[in-house]
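**Student:** fold the following for me, if possible:
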Amino acid sequence: MELRESDYAGLRKEAIEQGKVCHGEYNQHNVLMLKPGTAVTNFEHWGFDVQISDLYRFMRKILEKYSWDVRIGMEMLRTIIMYTKKHWFPEKIQRNCRILSDRKKTGNILSGNALEAIRFK
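**Tutor:** Numbering: from 1, shown residues only. Here you go, the predicted model:
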C-alpha cells in the first residue's frame with residue numbers, strides 16, 4: 001500500500017487534534033543512557049504528529065549504519081513491541097514536551113540542552 005492510498009492524512013489530523021507529540025528528530029544521537037534511566041535531548045524539531053514517525057526516524061538511522069540488515073530491523077521491532085507492552089513511553093514523551101512547550105510560551109527556558117534533557121521517570 002502506498003502512502004496516498006492509506007489514511008495517513010486522517011491519522012495525522014487526529015494526532016494533531018489529540019495533541020500527540022513527536023520528537024521530530026528521534027535518533028541515537030538524542031538518546032542518553034544514564035544510570036538512573038534514559039534521557040532524550042534536543043527537542044528543537046518537536047511537534048504534533050503521528051508518533052510512529054519517530055520510530056521510523058530512529059530505525060532508519062540505525063539501519064543505515066548496518067547496511068539495512070533485515071535481521072537487525074526485525075530484532076528492533078521485537079524489542080520495541082516487548083518494551084511497549086511493559087512501559088508505554090509515548091505518554092512520557094508527550095508530558096515532557098508539554099512541559100517544554102509551557103516553558104517556551106512563558107519564556108522560562110534555559111539556553112542550550114540543559115533543560116531539554118528530561119529524564120523518563
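
**Student:** and the nearest residue in space to G19 that is not next to it in sequence, how many neighbours?
**Tutor:** Using CB to CB, 6 or more residues apart in numbering and skipping residues adjacent in sequence, the residue nearest G19 is F48, 6.0 Å away. (C-beta placed from N, C-alpha, C; glycine too.) When counting by other CB atoms under 10 Å, one arrives at 17 neighbours for F48.

**Student:** specify the beta-bridge partners of F48.
**Tutor:** On the basis of DSSP bridges, F48 is bridged to V21.

**Student:** quick one: it from H23, how far?
**Tutor:** Separation of F48 from H23 (CB to CB, to the nearest Å): 12 Å.

**Student:** now do Q28, the pLDDT please.
**Tutor:** Q28 is assigned 89 on the pLDDT scale.

**Student:** ok, it - contacts?
**Tutor:** 58, 61-62 (CB atoms under 8 Å, 6 or more residues apart in numbering).

**Student:** and these as a markdown table, adding neighbour count, pLDDT and distance to N27?
**Tutor:** As requested, these are exported to a markdown table (neighbours: other CB atoms under 10 Å; pLDDT from 0 to 100; distance: CB to CB, whole Å):
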| residue | neighbour count | pLDDT | distance to N27 |
| --- | --- | --- | --- |
| F58 | 19 | 90 | 6 |
| K61 | 15 | 92 | 4 |
| I62 | 15 | 91 | 8 |
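
**Student:** looking at these, which is nearest K35?
**Tutor:** F58 (22.2 Å; CB to CB).

**Student:** now the closest one, nearest residue through space, not along the chain?
**Tutor:** With CB to CB, 6+ apart, the residue lying closest to F58 is Y26, at 5.0 Å.
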